[in-house]
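> With the sequence up front, the predicted model follows.
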Amino acid sequence: MERFTISLDEALAQQFDALIAARGYSSRSEAVRDLIRGAIEGDRQRDPPSGHCVGNLSYVFNHHQRELAERLTGLQHEHHDLTVAAMHSHLDHENCLESVILKGPTAAVRQFADALMAQSGVRHGQLNVIALEAEHHHAHDAHGAPHVHYRPAR
């Protein structure tokens, strides 16, 4: 592990310590590591889509809007190769929240998420993407078919 020193003025250090306490970090170091990871992932998000990712697409929609729920489900079925899981929650008599876990090529995940969020009646849509990198190739099945395992990019 590498160490480095930073200097903060007293007011900023106090604000940072308050943030650390509010978020439950055990040390400044762990908080700084998370901030750095977030900044690196933020830069990746600005790059053109490439590689693979895992994502969480969350959105709110009015289930009374004509055929909207069926269209959303249809889109998920059309992209079953990207859709890992979906959770549906009833917020009130009219509105539902769905959270869809996606995994696949980053460009395809973003394109699917954009298409779903663009449906008339979908509100508050947001995609959170985490870049993945290939970890290793190997075979599990009796036929020896190789496949790749992905892990969050470092």
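On my side now, so go ahead.
> Longest helix in the protein, please.
Secondary structure of the chain per DSSP state H: the longest helix is helix 28-46.
> From the contact counts, what lies against it?
When contacts are defined as 3 or more Cβ pairs under 8 Å, 6 or more residues apart in numbering; DSSP states H and E, helix 28-46 sits against helix 10-23, strand 122-139. From N, CA and C alone the C-beta is placed, and that goes for glycine too.
> Please save the CA atoms from it in CSV.
The C-alpha atoms that make up helix 28-46 are tabulated as CSV, following Å, rounded to 0.1, in the frame of the first residue of the first chain:
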residue,chain,number,x,y,z
ARG,A,28,-10.0,9.3,6.8
SER,A,29,-8.0,6.9,4.7
GLU,A,30,-11.0,4.8,3.8
ALA,A,31,-13.0,7.9,3.0
VAL,A,32,-10.3,9.2,0.7
ARG,A,33,-10.0,5.9,-1.0
ASP,A,34,-13.8,5.9,-1.8
LEU,A,35,-13.6,9.5,-3.0
ILE,A,36,-10.7,8.5,-5.4
ARG,A,37,-12.6,5.4,-6.6
GLY,A,38,-15.6,7.6,-7.3
ALA,A,39,-13.6,10.2,-9.2
ILE,A,40,-12.0,7.4,-11.3
GLU,A,41,-15.3,5.8,-12.1
GLY,A,42,-16.7,9.3,-12.9
ASP,A,43,-14.0,9.8,-15.5
ARG,A,44,-14.8,6.3,-17.0
GLN,A,45,-18.4,7.4,-17.3
ARG,A,46,-17.4,10.4,-19.5
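> and the next element down the chain from it?
strand 52-62 (DSSP states H and E).
> What residues of that following strand count as buried?
52-59, 61 (16 or more other Cβ atoms under 10 Å).
> ok, back up a step: could I get the helices and strands packed on helix 28-46 as CSV with distance to H88 and mean pLDDT?
CSV is the format used below for these (distance: least, Cβ to Cβ, whole Å; pLDDT from 0 to 100):
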stretch, distance to H88, mean pLDDT
helix 10-23, 30, 91
strand 122-139, 13, 83
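> out of these, nearest to G38?
Among these, strand 122-139 comes nearest to G38, with 11.0 Å by Cβ to Cβ.
> Starting from that closest one, tell me the next helix or strand along the chain.
Trace forward from strand 122-139 with DSSP H and E and the next one is strand 146-152.
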